[in-house]
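Asks: here are the coordinates; sequence isn't available:
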């Protein structure tokens, strides 16, 4: 399982993100992104080369817990391992489990889901909320642009999305490498400039929605 990689799947939100990035970039990189009919394997290779972007084009998994043995002088008769899987939206978990069983191919090993909370649908990229987000980005983060995408992180927004409420995992911050690197680590932090930018962004967004 540690050696196995799920196949790449480019979902519509990621296609939309690449289209938006290609339109913004005038470099050779922008040319490659805009012409994926020609450079598709190259672009895919770049996406899968980094952990963050790899997680938006394929299911990912990591071994997080191993339990076995009760005493240091007794050979264990049973072992248990937990893998944390980050699945792409609109995924059939039973198909994923079938794939993992085929990879292991060992009748002695049982594979089953644990704490699976269900599929998360994709959010729409049109409508009043999307339009309000676009205006807020243009006004408060002029160096950025709004584009669809997929978040590999797990957030409480999944419960809203499953209830039919459009949910967008948007961070209205301009994070540098240090701030991104501090997430979930020691000295996790956000700059005062980003804090202020976030306040302005949400104030603008709410203003657009209540008008």
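Replies: Ah, there it is. What you see is a predicted model, and the numbers here were worked out from it, not measured in a lab.
Asks: hey, let's count contacts and neighbours off CA atoms from now on
Replies: Noted.
Asks: separation between the nearest residue to residue 69 once chain neighbours are set aside and residue 33?
Replies: Excluding the flanking residues, the one nearest residue 69 by CA to CA, 6 or more residues apart in numbering is residue 76, at 4.6 Å. Counting by CA to CA, to the nearest Å, the gap from residue 76 to residue 33 is 52 Å.
Asks: center of the chain - which residue?
Replies: Ranked by distance to the mean C-alpha position of the chain (CA atoms, centre = their mean), the top residue is residue 152 at 1.8 Å.
Asks: roughly how far apart are that residue and residue 195?
Replies: 23 Å.
Asks: Next: residue 31.
Replies: Residue 31 is 34 Å from residue 195, by CA to CA.
Asks: Could you point out the longest helix of this protein?
Replies: helix 192-210 (DSSP state H).
Asks: avg pLDDT for that helix?
Replies: For helix 192-210, mean pLDDT rounds to 96.
Asks: helices or strands up against it?
Replies: Helices and strands touching helix 192-210, as assessed by 3 or more CA pairs under 8 Å, 6 or more residues apart in numbering; DSSP states H and E, comprise helix 128-140.
Asks: List of residues touching the lowest-mean-pLDDT helix or strand in the chain?
Replies: Lowest mean confidence among the helices and strands of the chain (mean pLDDT, DSSP states H and E): helix 177-181, at a mean of 87. Helix 177-181 is contacted by residues 188-191 when judged by CA atoms under 8 Å, 6 or more residues apart in numbering.
Asks: Counting neighbours, which of these comes out on top?
Replies: Counting neighbours by other CA atoms under 10 Å, the top entry in the contacts of helix 177-181 is residue 190, with 16 neighbours.
Asks: Just want to check the distance between the residue lying closest to that one once chain neighbours are set aside and residue 5.
Replies: Excluding the flanking residues, the one nearest residue 190 by CA to CA, 6+ apart is residue 179, at 6.5 Å. Residue 179 sits 29 Å away from residue 5, going by CA to CA.
Asks: got it, and residue 63?
Replies: Taking CA to CA, one finds residue 63 at 13 Å from residue 5.
Asks: what's the answer for residue 203, then?
Replies: 42 Å.
Asks: returning to that earlier point: for the residue nearest to residue 190, grab the count of nearby residues.
Replies: When neighbours are counted by other CA under 10 Å, residue 179 comes out with 14.
Asks: For the protein, which segments count as strands?
Replies: Ranges of strands in the chain, per DSSP state E, are 60-68, 79-86.
Asks: could you pull out the helices for the protein?
Replies: Using DSSP H, helices in the chain cover 12-24, 28-34, 36-49, 51-54, 93-104, 128-140, 157-162, 177-181, 192-210.
Asks: nearest to residue 112, of the ones you listed?
Replies: helix 93-104 (6.9 Å; CA to CA).
Asks: Buried residues in that closest one, which are they?
Replies: By neighbour count with 16 or more other CA atoms under 10 Å, helix 93-104 contains the buried residues 96, 100-101.
Asks: mind checking pLDDT for the most far-flung residue of the chain relative to its centre?
Replies: The C-alpha centroid of the chain is most remote from residue 73, which lies 43.5 Å away (CA atoms, centre = their mean). The model reports residue 73 with a pLDDT of 96.
Asks: Fine by me, we can end here.
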